[in-house]
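# Got a predicted structure here, sequence first:
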Amino acid sequence: AVVSTQSGHYGRGDYSSTNDVQDMWAELHGKLETVAAAVPTASVYLDNRPVKLPWSTSALKRMRKNKDKAWAEFDINPSDVNFSYASSKQHTYELAEIKAKVNYEKKITSNLKQNCKSFYSYLRNKRQIKSSVVSLDRGDGTRTDSSTESAEVLASAFSSVFVREPPGPLPKTED
């Protein structure tokens, strides 16, 4: 089954009536503020430290910091000079990282007979299991046969949860 969707052609919109747009924005903004007031807040602690790679060395860390600084400088002052400098730092870092990874893999494979634990640990971390949704129950007892049918079943299940709200302010909720 083919699913067709319609999308707006924003280039042909009538934007001459800006009052309507302003009113719609004020309504949407009011609804978002109402929803935000009802949602509790939670403290979230983010760990922004880079992942410790087994082949990472102090020289590689310095190169990564230099690369990040170059891109940050480009974000602040985008110019051709800053872009070429940042991309050269990026290229240098990528080559160094590949070389360090190859050296690490050579090291653990050459040391395989004496210390197989590091080798198998590295292999275990590299193993990726790719799973997908094979088939879903349609609700009438039959199962889906393709990923397209599975997507349609999921889309209908998710769309049944959402309801259309009438235009205007959100209804008051009881606490």
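It's in. Because the structure is predicted, anything quoted here is derived from the model rather than measured.
# Please point out which parts of the longest helix anywhere in the chain sit buried.
For the chain, the longest helix by residue count, based on DSSP state H, is helix 80-110. The neighbour-count check on helix 80-110 (16 or more other C-beta atoms under 10 Å) flags Asn82, Ala86, Lys89, Tyr93, Ala96, Glu97, Ala100, Tyr104, Ile108 as buried. For every residue, glycine as well, the C-beta is placed using N, CA and C.
# ditto for stretch 54-68
Neighbour-count burial for stretch 54-68 flags Trp55, Ser56, Leu60, Met63, Arg64, Lys67 (criterion: 16+ other C-beta under 10 Å).
# Let me have the buried residues of helix 80-110 in a markdown table, adding pLDDT and distance to Glu174 as columns.
Listed next are the buried residues of helix 80-110 as a markdown table, based on pLDDT from 0 to 100; distance: C-beta to C-beta, whole Å:
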| residue | pLDDT | distance to Glu174 |
| --- | --- | --- |
| Asn82 | 92 | 56 |
| Ala86 | 94 | 55 |
| Lys89 | 96 | 58 |
| Tyr93 | 95 | 57 |
| Ala96 | 95 | 61 |
| Glu97 | 93 | 57 |
| Ala100 | 93 | 60 |
| Tyr104 | 91 | 61 |
| Ile108 | 89 | 62 |
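# Closest to Ser156 out of these?
Glu97 (45.1 Å; C-beta to C-beta).
# for the nearest residue to the closest one once chain neighbours are set aside, what are its contacts?
Nearest non-adjacent residue to Glu97, counting by C-beta to C-beta, 6 or more residues apart in numbering: Leu60, 6.2 Å away. For Leu60, the contacting residues are Tyr93, Ala96, Glu97, Ala100, by C-beta atoms under 8 Å, 6 or more residues apart in numbering.
# I'm done for today, thanks for sticking with me.
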